[in-house]
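Q: here is my input; please provide its structure:
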Amino acid sequence: MTSFFVLPVASHISSSFLIKSRGSLADTTAVSPVYFFEDITSFWLEKGVSGFRLDAAKEFYSGNNAANIEVLTWFNDYVKGINDDAYIVAEVWNNMETYSQYLSSGIDSVFNFDFSDT
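A: Here you go, the predicted model:
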């Protein structure tokens with residue numbers, strides 16, 4: 001049975017904080033939002049979900065595709081490190097050029113809203 005968990009993603013996660021937090025939690029004084037992403041993600045993967053849908057993926061950092069792609073790359077690497085068969089789809093309401101940029105993160109798919117208008 002295929003099952004998905006829609007992961008609510010907090011906006012405006014600092015890219016430098018994201019990178020710093022991938023080390024050890026002991027390196028920080030506050031609990032990292034990355035820790036919660038990893039904790040929630042691994043919880044659901046251990047429960048057997050088949051993948052994740054990430055809504056508003058181009059709004060993690062509004063107007064900054066490079067930072068959003070960095071987050072998606074990190075998330076994809078984390079998920080595939082646990083289950084290489086897990087499927088990740090992201091909502092990126094934009095155009096074909098932008099879709100291809102987001103797919104460079106390694107995620108499996110983006111919603112193709114342009115195609116639906118044809």
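Q: max-length helix in this structure?
A: As assigned by DSSP state H, the longest helix anywhere in the chain is helix 65-82.
Q: contacting residues around it?
A: 13, 15, 18, 22, 34, 37-38, 41-42, 45, 51-52, 54, 57-61, 86, 88, 90, 98, 101-102, 104-107 (C-beta atoms under 8 Å, 6 or more residues apart in numbering). C-beta: built from backbone N, CA, C; applies to glycine.
Q: write the PyMOL selection for whichever of these are buried.
A: A single PyMOL command selects the buried members of the contacts of helix 65-82 (16 or more other C-beta atoms under 10 Å):
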select buried, resi 13+15+18+34+37+38+41+45+51+52+54+57+58+59+60+61+86+88+90+98+101+102+105+107
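Q: C-terminal to the lowest-mean-pLDDT helix or strand in the chain, what's the next element?
A: Here the helix or strand of the chain ranked lowest by mean pLDDT, DSSP states H and E is helix 15-21, holding a mean of 39. Next helix or strand after helix 15-21 toward the C-terminus (DSSP states H and E): helix 33-47.
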